[in-house]
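# Fold the following and give me the result.
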Amino acid sequence: FHTRCPNSGKVTVSFGDLSADYDVRAERSKSSFKVLAIGNSFSEDSLSHLYEMAEELGAEDIVLGNMYIGGCSLETHRENMVHDKAAYQYQKNTDGEWVKRDGWSLKRGLADEEWDVITVQQASGDSGMADTYNSDLDDLLQFVYLNRPSERTNVVWHMTWAYQSDSTHADFVNYNNDQSEMYEAIVSCVRERILPNKLIQYVIPTGTSVQNLRTAVGDNVTRDGYHLSYTIGRYTAGMTWLNALTGWDTDKLECDYFGLEDDVLSAIKESVDAAMKNPFEVTDLSAGA
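Next up, the predicted model:
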């Protein structure tokens, strides 16, 4: 499996009284970069600097959206979907600035733009818990397909990251407060529950990019033990998304607008490149740190 090679083939999607057949293969415009995340604060971290990076590499029609509820799980997304709850803060970026609007529903967000990509993810604490990848995910994916604005819209999984080793997050106990155990559990869930799912076209391996980076710079890429740091952490996630979603050469990024030191930027690029090549295993970059 490669993150840039989407699943393909005919699938039948149904939800309630609606049913449709789709060819799970989407071609996207090379200048358009319209991305909607159905997520939480971890998608907020990942999208934070994505606009500037896409612009630097030549994207012309950039729209980013985040259907945001802090800590939102697949179960909660499904509950909101079924009852059409206007429970989200819709975060949108069309010009480099984020605008936040409360009181949006998933269906409204899906219809707001002709999205190139829609991403789905699990809440961080549940991300390595296999039993949480159940009918909630199936129902949510079918709803997304039936309400996506175009048949060329890709539906993608965002693989999130493990907590910092000394994290005080309440859910860390589910992994024996062990970062490696949490990372391996996340990877296992993606391999066993996500890759076989025909409605998910490919995976953004942010969790592996972050874990790779930790081998190079140390376990200091979060700001509170689980959310990514505003600089190095968020930039790593953004570069992973840009690379996975487009296949563009992110090694060309200079990041003049961001002020990263050359050695740090180099470590980020190495971490992302390694995650693209080996999305489900850690690459030790300590020798080059």
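# wait, isn't V117 in contact with P149?
No. Checked against CB atoms under 8 Å, the pair V117 and P149 is beyond contact range at 11.5 Å. For the C-beta atoms, the positions are set from N, CA and C on the backbone; glycine is no exception.
# Where does the closest residue to Y175 other than its chain neighbours sit, in terms of helix or strand?
Nearest residue to Y175, sequence neighbours excluded (CB to CB, 6 or more residues apart in numbering): M182, at 3.9 Å. Secondary-structure assignment from DSSP states H and E places M182 in helix 179-189.
# buried ones in that helix?
179, 182-187, 189 (16 or more other CB atoms under 10 Å).
# Which SSE is immediately downstream of the lowest-mean-pLDDT helix or strand in the chain?
Within the chain, no helix or strand scores below strand 18-23, which has a mean of 43 by mean pLDDT, DSSP states H and E. Next along the chain after strand 18-23, taking DSSP H and E as the criterion, comes strand 32-38.
# Now do that following strand: which elements does it pack against?
Using 3 or more CB pairs under 8 Å, 6 or more residues apart in numbering; DSSP states H and E, the elements in contact with strand 32-38 are helix 41-47, strand 61-68, helix 106-111, strand 117-120, helix 232-246.
# Just to check, T283 is in contact with A274?
Yes. Taking contacts as CB under 8 Å, T283 lies within contact range of A274: 3.7 Å.
# Surely D102 touches A87?
No. The criterion here is CB under 8 Å, and D102 misses it with A87 at 9.2 Å.
# which of the two has more neighbours?
Neighbour comparison, D102 and A87: the larger count goes to A87, with 18 against 10 (by other CB atoms under 10 Å).
# who's in contact with that one?
Contact analysis of A87 by CB atoms under 8 Å, 6 or more residues apart in numbering lists 69, 80, 105.
# Quick check: P149 is in a strand.
No. Using DSSP: H, G, I helix; E, B strand; the rest coil, the assignment for P149 is coil, not a strand.
# Check the gap between the closest residue to it other than its chain neighbours and K100 for me.
In space, and not counting its chain neighbours, P149 is closest to E114: 4.7 Å by CB to CB, 6+ apart. Distance of E114 to K100, given as CB to CB, to the nearest Å: 22 Å.
# which one of these two has more residues nearby?
Higher neighbour count among E114 and K100: E114, with 15 against 10, using other CB under 10 Å.
# Going by neighbour count, which residues of the helix or strand containing D138 are buried?
If you go by DSSP H and E, D138 is part of helix 135-147. For helix 135-147, burial by neighbour count (16+ other CB under 10 Å) applies to 136-137, 139-147.
# Check stretch 274-286 too.
274-276, 279-280, 282-283, 285.
# do stretch 252-260 as well
253, 255, 258, 260.
# Out of the residues you listed, the closest to G218 would be?
L260 (16.0 Å; CB to CB).
# That closest one looks like it's in a helix, true?
No. Applying three-state DSSP, one finds L260 to be coil, outside a helix.
# tell me the contacts of it?
For L260, the contact set (CB under 8 Å, 6+ apart) comprises 231-232, 235, 268.
# same check, this time on V144
So V144 contacts 38, 110, 118, 120, 155 (CB under 8 Å, 6+ apart).
# I'd like the distance between it and E114.
From V144 over to E114 (counting by CB to CB), the distance is 14 Å.
# for H169, same thing?
37 Å.
# if we can go back for a sec, okay if I get the buried residues of stretch 252-260 as CSV plus distance to G247 and pLDDT?
Shown next, in CSV, are the buried residues of stretch 252-260 (distance: CB to CB, whole Å; pLDDT from 0 to 100):
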residue, distance to G247, pLDDT
L253, 14, 95
C255, 19, 89
F258, 22, 83
L260, 23, 89
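# Tell me the strands beside whatever helix or strand D102 lives in, with direction?
Assessed by DSSP H and E, D102 sits inside strand 98-104. Next to strand 98-104 in the sheet, as set by DSSP bridges, lie strand 88-93 (antiparallel).
# what residues are up against S180?
By CB under 8 Å, 6+ apart, the contact list for S180 reads A162.
# Chain neighbours aside, what residue packs nearest to F280?
Nearest residue to F280 in three dimensions, chain neighbours excluded: V187, at 4.8 Å (CB to CB, 6+ apart).
# List phi and psi for the nearest residue to W248 once chain neighbours are set aside.
Nearest non-adjacent residue to W248, counting by CB to CB, 6+ apart: L57, 5.1 Å away. Main-chain dihedrals, L57, degrees, to the nearest 10: phi -90, psi 10.
# So L57 sits against D251, correct?
No. The criterion here is CB under 8 Å, and L57 misses it with D251 at 10.5 Å.
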